[in-house]
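Engineer: Sequence first, predicted model second:
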Amino acid sequence: MQTYDFGFSYVWEYDDDFLALIESSFKSAGLSTFIISDHNIDEVTDLVINKKIYFNTYLDRAWDVDDRYSNLGKILHRRHTYIFNPYKNVLHAIDKASMHLEFITAGLNVPYSIIIPPFYEEEDIFISVDNLAFLGRPFIIKPCNTTGGGIGVVTGAETLREVLEERSNLSNDKYILQEKVHPTYINGKRAWFRCFWAFGKVIPVYWDDQTHLYSEFQPPEVRMFNYKKLIHITRQIQELINLDFFSTEVVLTDEHKFIVIDYVNDQCDLRFKSKHFDGVPDNVIKMIVDNLIKSVLKIKKNK
């Protein structure tokens, strides 16, 4: 049986640069990699089933779009491959309704929200005028389990009619109605942050919700506010969901309150800023890969 240190599945063309960094960095660290995509997924699955190939660790960035990848992952799990972001944990973590309640229980600040059942369960719903007033205007409409690329998200809703129309578009999904939270400003930048949990390390960056542009923290900015609070919040979330890699969005308000806005994103967009104006800073992606390597080395040592 041929054993590789790390298996990586992907189908998104914009992961090519991330893949190239993984392969070069892993090679420098003395680790072997095996890449799986549409051209070989069926062949690799057969090799794994017949015990011709094995991966110590596996990162799957395709399972949510093609069942062939999740089927392979499940087989690898039974063969004791370490799966970064176990599927069961992901399905729990990306449910915004569940996370909303768990975050509140854990003492995390979240926006005022109303959770409504799927359209197929209850076509007619009642939301009181008082509850709508608490949401304020405009408010946000989000499907609870449909994630990625802002699918189904309305950021400027004004009326109950919009809620009723939107929930019929993804009729099998619960919806969460969320008050719109406004950030304060730090050095002229909106205090809206994306915090990556990257294989044991927290990496916070600015992420402007209006322009979708990232920027890294400068040392003076770290000292200007409670930067460590971002680290603490992200660690709290990781303890609740037990994922190896994810991001969360946190806002600092004028009242100096940190509020978790977008709870858990497990399939992070890792396009490089050097190639895409709204990409993740290259240095941040390098830190993510470096932390991944440390995790793979640790797992290999303990095998």
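Structural biologist: Structure received.
Engineer: so for stretch 272-280, what's the average pLDDT?
Structural biologist: Averaging pLDDT along stretch 272-280 gives 97.
Engineer: As PDB, could you dump the C-alpha coordinates of that stretch?
Structural biologist: Extracted in PDB, the C-alpha atoms of stretch 272-280 (Å, rounded to 0.1, in the frame of the first residue of the first chain):
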ATOM      1  CA  PHE A 272      -4.500  35.400  -3.200                       C
ATOM      2  CA  LYS A 273      -4.700  39.200  -2.800                       C
ATOM      3  CA  SER A 274      -1.800  39.500  -5.200                       C
ATOM      4  CA  LYS A 275      -4.000  38.100  -8.000                       C
ATOM      5  CA  HIS A 276      -7.500  39.100  -6.900                       C
ATOM      6  CA  PHE A 277      -8.400  42.600  -5.600                       C
ATOM      7  CA  ASP A 278     -10.700  41.100  -3.000                       C
ATOM      8  CA  GLY A 279      -8.500  38.100  -2.100                       C
ATOM      9  CA  VAL A 280      -7.000  37.100   1.200                       C
END
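Engineer: Give me the contacts around that stretch.
Structural biologist: Applying Cβ atoms under 8 Å, 6 or more residues apart in numbering, the contact partners of stretch 272-280 are 14, 17-18, 205, 211-214, 268-271, 281-282, 285. For the C-beta atoms, the positions are set from N, CA and C on the backbone; glycine is no exception.
Engineer: Could you point out which of the residues you listed is nearest to residue 101?
Structural biologist: residue 268 (23.9 Å; Cβ to Cβ).
Engineer: Contact partners for the nearest residue to the closest one once chain neighbours are set aside?
Structural biologist: Closest residue to residue 268 apart from its sequence neighbours, by Cβ to Cβ, 6 or more residues apart in numbering: residue 247 at 5.0 Å. Residues near residue 247 by Cβ under 8 Å, 6+ apart: 194-197, 264-265, 268.
Engineer: Next: residue 90.
Structural biologist: 243, 266.
Engineer: Could you rerun that using 10 Å?
Structural biologist: 60, 63-64, 83, 147, 241, 243, 246, 264, 266-267 (Cβ atoms under 10 Å, 6 or more residues apart in numbering).
Engineer: export the residues you listed to JSON lines and tack on distance to residue 52 and secondary structure?
Structural biologist: Converted to JSON lines, the contacts of residue 90 look like this (distance: Cβ to Cβ, whole Å; DSSP: H, G, I helix; E, B strand; the rest coil):
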{"residue": "60", "distance to residue 52": "20", "secondary structure": "strand"}
{"residue": "63", "distance to residue 52": "22", "secondary structure": "coil"}
{"residue": "64", "distance to residue 52": "27", "secondary structure": "coil"}
{"residue": "83", "distance to residue 52": "20", "secondary structure": "strand"}
{"residue": "147", "distance to residue 52": "35", "secondary structure": "coil"}
{"residue": "241", "distance to residue 52": "34", "secondary structure": "helix"}
{"residue": "243", "distance to residue 52": "30", "secondary structure": "coil"}
{"residue": "246", "distance to residue 52": "32", "secondary structure": "strand"}
{"residue": "264", "distance to residue 52": "36", "secondary structure": "coil"}
{"residue": "266", "distance to residue 52": "30", "secondary structure": "coil"}
{"residue": "267", "distance to residue 52": "29", "secondary structure": "coil"}
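Engineer: burial measure for residue 40, as a count.
Structural biologist: Neighbourhood size, residue 40 [other Cβ atoms under 10 Å]: 13.
Engineer: Begin at 341, not 1, for the rest of this chat.
Structural biologist: New numbering, starting at 341: the last item is residue 380.
Engineer: can I assume it is in contact with residue 387?
Structural biologist: Yes - using Cβ atoms under 10 Å, residue 380 is in contact with residue 387, at 9.2 Å.
Engineer: hey, what's in contact with both of the two?
Structural biologist: Common neighbours of residue 380 and residue 387 (Cβ under 10 Å, 6+ apart) are residue 374.
Engineer: Export the contacts of residue 430 to JSON lines and append columns for neighbour count.
Structural biologist: Shown next, in JSON lines, are those (neighbours: other Cβ atoms under 10 Å):
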{"residue": "400", "neighbour count": "22"}
{"residue": "403", "neighbour count": "21"}
{"residue": "404", "neighbour count": "18"}
{"residue": "423", "neighbour count": "22"}
{"residue": "487", "neighbour count": "21"}
{"residue": "581", "neighbour count": "21"}
{"residue": "583", "neighbour count": "19"}
{"residue": "586", "neighbour count": "24"}
{"residue": "604", "neighbour count": "25"}
{"residue": "606", "neighbour count": "21"}
{"residue": "607", "neighbour count": "21"}
